[in-house]
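Undergrad: attaching a predicted model along with its sequence, questions to come.
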Amino acid sequence: MKKSTLATVIAGVAGAISLASATAAQAADLPGFTKCYGISRAGQNSCANATGTHDCAGQSNADYSGQEWRATKVDVCGKLGGKTEPFAGVGHPTKS
């Protein structure tokens, strides 16, 4: 593979990853959506955590941390066992 082609592929992948992270963060800012804390499994958070120890999606290292969030519809968060504000400890999401 030519160096210019490889550089283009790498730039495209980096852009896609950046866009995916930004999209998750922006989804929580849309009307009718919220950050729902305590419902995401390790590696499945939507974006940065409340404590600021990471700033990207998929970087949580604990299941259902009260500091990690996923973007959900406002009326769904509570039904999933989550909270709309960060909290200490671990959440107990409902089983589906």
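TA: Here it is on my side, so go on.

Undergrad: every contact and neighbour count from this point should use C-alpha atoms.
TA: Noted.

Undergrad: what number of residues lie near Gly32?
TA: 11 (other CA atoms under 10 Å).

Undergrad: just to check, it is in contact with Lys73?
TA: Yes. Using CA atoms under 8 Å, Gly32 makes contact with Lys73 at a distance of 5.6 Å.

Undergrad: where do the helices sit along the protein?
TA: Under the criterion DSSP state H, the chain contains helices at 3-27, 74-77.

Undergrad: which of the ones you listed has the lowest mean pLDDT?
TA: Least confident of those, judged by mean pLDDT, is helix 3-27 with a mean of 52.

Undergrad: OK, contacts around the residue lying closest to Gly43 once chain neighbours are set aside?
TA: Ranked by CA to CA, 6 or more residues apart in numbering and with sequence neighbours excluded, the top spatial neighbour of Gly43 is Gly58, at 4.0 Å. Taking CA atoms under 8 Å, 6 or more residues apart in numbering, we find Gly58 in contact with Ala42, Gly43, Gln44, Asn45, Ser46, Cys47.

Undergrad: what's the second one sitting at in phi/psi?
TA: The main-chain torsion angles of Gly43 are listed as degrees, to the nearest 10 and equal phi 80, psi 0.

Undergrad: residues near it, how many?
TA: Other residues close to Gly43 by other CA under 10 Å number 14.

Undergrad: distance-wise, check it relative to Pro31.
TA: Look at Gly43 and Pro31: by CA to CA, to the nearest Å, they are 26 Å apart.

Undergrad: do the same with the fourth one
TA: Per CA to CA, Asn45 is found 20 Å from Pro31.

Undergrad: which one's more surrounded, those two?
TA: Asn45 (29 against 9).

Undergrad: who's in contact with that one?
TA: Going by CA under 8 Å, 6+ apart, Asn45 touches Ala57, Gly58, Gln59, Ser60, Glu68, Trp69, Arg70.

Undergrad: same deal with Trp69?
TA: The contact partners of Trp69, by CA under 8 Å, 6+ apart, come to Lys35, Cys36, Tyr37, Gly38, Ile39, Ser40, Asn45, Ser46, Cys47, Asn49.

Undergrad: let's see it at 10 Å
TA: Shown in contact with Trp69 (CA atoms under 10 Å, 6 or more residues apart in numbering): 25, 28, 34-41, 44-50, 57, 60, 82-86.
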